[in-house]
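Enquirer: Below is the structure, and that's it, no one-letter string:
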DNA sequence: GCACCTACGATTGTCAACAATCCGCGTATC
DNA sequence: GATACGCGGATTGTTGACAATCGTAGGTGC
């Protein structure tokens, strides 16, 4: 029943935006690189019209930086941006966690098991990309469980920026095991309804990520 | 020195988006109304290309809802949306307030005096629109003082949605005096560095707004 | 009289061409 | 030899027209 509604309900601009967003997330387009319109349009098989619409959307999301008559560039994130992304993530995910605690905790815990399993598998396999994917999915699922469309949308954007930060130096293997434990402890605190513990662990989790990223960053201030 | 740099650095799509956003905010376009592209383009004196780019941006911000081959419609906000907007606002402004408390409190207090003055004047004059403007500016200034670009951007979007909620029934005069006092108390708590008090008052302020809006809403569930 | 089908009008989605602007390089001049 | 000027190439910004799609009104058959 869930497969019978969409034929091509999504607009071309939206599809193009998703594609480019994924490419930026994966690090295919390095920060600072210029995105030529004709080149991209030809490569995606669309005209410049829909492509420009998609670009405007990405500019609104903060992924691209537009200079008039100069071109579109992939936004480059400095140390301040890393701190700011995680500041915003902390704010949003804290609110989401509180909502989950006040709502259906069990369903949320169930939803978190899937990314946790993927994270464990990726940790065992030493798959850095899979690990980042699972991390992404974990936090997306947490916020989605809050039932708030706006928190969800904000998190989606912030997670993309997080991936941009990570993609820059994802050659350095993250401490997979430690990361998995951190997330499992978040789930445990949520499952047990330990509000203060969950919020503390969430804040600590974010702080850890910031220090990890800044430590591996080229221009660490 | 600050007036000599920008000639037309902003793209046309951005200008158009700002214009339409303001129109939606003011209630010029009632929720649910369809926005014809050719009509809008002619009225704004631009072609459909830039206008469509601006529309995509507004869709990304959640102000418009796009249906393929049907048209663009102004998003209509129900009771759930009101609650969700204020849930997100509480999360974001709470984080901003904490940042301000940890940073330059005095500068923030100074910045808040301007919208507070405007609010007092609007309250005396019985100017509902001016009151809403001042309210908007107060919260924008608070978040801007946090120094976080992302919190600031999120707030900007959420405040527009807030105005959309208010515009629907702004014929009902809000309790201006009470509103002014609430904001002054927020400033007081911030000025005195009373963290817990400020957060409590902020949360209460948001709750009050939700109940006020839902009470005056047509389809209050 | 009711239901179905068809043609029309209007709107959106897409495209290719035109105009404006900016960067880099070569040349002339001091 | 260094600097200022101007030109060429490339890219973006904008425009208008064409094609696809949807809602609706009218007509026809049962």
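Expert: Ah, there it is. Not measured: the values here are computed from a predicted model.
Enquirer: Can you give me the neighbour number for the closest residue to residue A:173 other than its chain neighbours?
Expert: Leaving aside its chain neighbours, residue A:173 sits nearest to residue A:128 (6.1 Å; criterion: CB to CB, 6 or more residues apart in numbering or on different chains). For every residue, glycine as well, the C-beta is placed using N, CA and C. Using other CB atoms under 10 Å in any protein chain shown, residue A:128 has 17 neighbouring residues.
Enquirer: how much space between residue A:185 and DNA strand C?
Expert: Note on residue A:185: its distance to DNA strand C, by CB to the nearest atom of the strand, to the nearest Å, is 46 Å.
Enquirer: Whichever strand or helix holds residue A:18 and chain B in contact?
Expert: Under the criterion of DSSP states H and E, residue A:18 resides in helix A:12-26. Yes. Residues of helix A:12-26 are located near chain B by CB under 8 Å from any CB of the partner chain, namely residue A:13.
Enquirer: quick check, whichever helix or strand comes after that helix touching DNA strand D?
Expert: Once helix A:12-26 ends, the next helix or strand along the chain (criterion: DSSP H and E) is strand A:34-35. Yes. On the criterion CB under 7 Å from any atom of the strand, strand A:34-35 is in touch with DNA strand D at A:34-35.
Enquirer: Packing partners of strand A:34-35?
Expert: The contact analysis (3 or more CB pairs under 8 Å, 6 or more residues apart in numbering or on different chains; DSSP states H and E) places strand A:34-35 against strand A:71-74.
Enquirer: Strand partners (parallel or antiparallel) of the strand it packs on?
Expert: Paired with strand A:71-74 in the same sheet, following DSSP bridges, are strand A:34-35 (antiparallel), strand A:64-67 (antiparallel).
Enquirer: how about the ones you listed in CSV, adding distance to residue B:48?
Expert: Below are the strands paired with strand A:71-74 laid out as CSV (distance: least, CB to CB, whole Å):
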stretch, distance to residue B:48
strand A:34-35, 23
strand A:64-67, 20
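Enquirer: Can I get these in JSON lines including mean pLDDT?
Expert: As requested, these are exported to JSON lines (pLDDT from 0 to 100):
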{"stretch": "strand A:34-35", "mean pLDDT": "90"}
{"stretch": "strand A:64-67", "mean pLDDT": "89"}
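Enquirer: what would those look like in TSV with mean neighbour count and distance to residue B:32?
Expert: Formatted as TSV, those follow (neighbours: other CB atoms under 10 Å in any protein chain shown; distance: least, CB to CB, whole Å):
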stretch	mean neighbour count	distance to residue B:32
strand A:34-35	15	36
strand A:64-67	16	31
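Enquirer: Now do the buried residues in the helix holding residue A:18.
Expert: Neighbour-count burial for helix A:12-26 flags A:12-14, A:16-17, A:20-21, A:24-25 (criterion: 16 or more other CB atoms under 10 Å in any protein chain shown).
Enquirer: and stretch A:51-69, is it in reach of DNA strand C?
Expert: Yes. Using CB under 7 Å from any atom of the strand, stretch A:51-69 reaches DNA strand C at A:68-69.
Enquirer: Please spell out which residues along that stretch are buried.
Expert: Those would be A:51-66, for stretch A:51-69 by 16+ other CB under 10 Å.
Enquirer: What residues does chain A have near chain B?
Expert: So chain A meets chain B at A:8-11, A:13, A:49, A:52-54, A:56-57, A:59-62, A:66, A:68, A:84-85, A:87-88, A:90-92, A:94-95, A:99, A:148-151, A:153-154, A:158 (CB under 8 Å from any CB).
Enquirer: For the helix or strand harbouring residue A:212, name the packing helices and strands.
Expert: For residue A:212, the host element (DSSP H and E) is helix A:195-215. On a contact count with 3+ CB pairs under 8 Å, 6+ apart, helix A:195-215 meets helix A:79-102, helix A:176-191.
Enquirer: what about the most centrally placed residue in chain A, helix or strand, and which?
Expert: For chain A, the residue nearest the mean C-alpha position is residue A:159 (1.9 Å; CA atoms, centre = their mean). Secondary structure assignment for residue A:159, by DSSP H and E: helix A:149-167.
Enquirer: got the contact list for that helix?
Expert: A:21, A:24-27, A:31, A:61-63, A:75, A:77, A:81-82, A:85-86, A:88-89, A:92-93, A:95-96, A:99, A:132, A:136, A:139-140, A:143-144, A:146, A:213, B:62, B:84-85, B:87-88, B:91, B:150, B:154, B:158 (CB atoms under 8 Å, 6 or more residues apart in numbering or on different chains).
Enquirer: beta partners of residue A:73?
Expert: residue A:34, residue A:65.
Enquirer: pretty sure it is touching residue A:34, no?
Expert: Yes. Counting by CB atoms under 8 Å, residue A:73 does reach residue A:34; the two are 5.4 Å apart.
Enquirer: Determine the number of other residues adjacent to residue A:165.
Expert: 23.
Enquirer: Quick check: it vs residue B:32, distance?
Expert: Distance check for residue A:165 against residue B:32: by CB to CB, to the nearest Å, it reads 40 Å.
Enquirer: same check, this time on residue A:173
Expert: Taking CB to CB, one finds residue A:173 at 52 Å from residue B:32.
Enquirer: Likewise for residue A:214?
Expert: For residue A:214, the distance to residue B:32 - CB to CB - is 47 Å.
Enquirer: what's the spacing between residue A:151 and residue A:112?
Expert: For residue A:151, the distance to residue A:112 - CB to CB - is 16 Å.
Enquirer: go on, residue A:123?
Expert: Where residue A:112 is concerned, residue A:123 sits at a distance of 16 Å (CB to CB).
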